[in-house]
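S.K.: with the input below, show me the fold.
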Amino acid sequence: MWKWTIKFDKAFEIPTYRVKADGLIVGTIRKLGTEWSWEVAFPGQTMPDECRGTRPTRDECQEAIRETVQALTKGMSRDEAIGMIVSGIYLR
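M.R.: Numbering: from 1, shown residues only. Below you'll find the model as predicted:
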């Protein structure tokens, strides 16, 4: 359903990547010290506490964002999913 891309974001002092689905930012991956963490652009969708300290790789974080977005948009039309992504990003 989505074309996935990941890009480095130079605007931050810590290593930060934006995960995009068809050009819409759907998640963020950050490296704090030696640990990566992830967050999906929908309220309340962050890396679960039980995963913290497990040292996931950047690719594992990207996959977790992908799986979360796909689960949240399951059964929706493309327009409904895009609407939810956009409202999740801009209504925070």
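
S.K.: immediately after the longest strand seen in the chain, which helix or strand?
M.R.: Longest strand in the chain by number of residues (criterion: DSSP state E): strand 24-32. Per DSSP states H and E, the first helix or strand lying C-terminal to strand 24-32 is strand 35-40.

S.K.: tell me which residues in that following strand are buried?
M.R.: Residues of strand 35-40 classed as buried by neighbour count (16 or more other Cβ atoms under 10 Å): 36-40. Where you see a C-beta, it was placed from the backbone N, CA and C, and this is true even at glycine.

S.K.: count the residues that sit near the nearest residue to residue 3 once chain neighbours are set aside.
M.R.: Nearest residue to residue 3 in three dimensions, chain neighbours excluded: residue 22, at 5.3 Å (Cβ to Cβ, 6 or more residues apart in numbering). Counted with other Cβ atoms under 10 Å, the neighbours of residue 22 add up to 14.

S.K.: does residue 21 touch residue 40 like I think?
M.R.: No: with contact defined as Cβ atoms under 8 Å, residue 21 does not reach residue 40; the gap is 10.6 Å.

S.K.: how about the contacts made by the spatially most central residue of the chain?
M.R.: The chain has residue 27 as the residue nearest its centroid, 2.0 Å off, counting by Cα atoms, centre = their mean. Contact analysis of residue 27 by Cβ atoms under 8 Å, 6 or more residues apart in numbering lists 18-19, 38-41, 62, 65, 68-69.

S.K.: then residue 29?
M.R.: Contacts of residue 29 by Cβ under 8 Å, 6+ apart are 6, 16-17, 19, 36-38, 58, 61-62, 65.

S.K.: re earlier: in terms of model confidence, name the weakest of the contacts of residue 27.
M.R.: For the contacts of residue 27, the least confident position by pLDDT is residue 41, scoring 78.

S.K.: number of nearby residues for that one?
M.R.: 22.

S.K.: cool, and the one 5 residues further on?
M.R.: When neighbours are counted by other Cβ under 10 Å, residue 46 registers 16.
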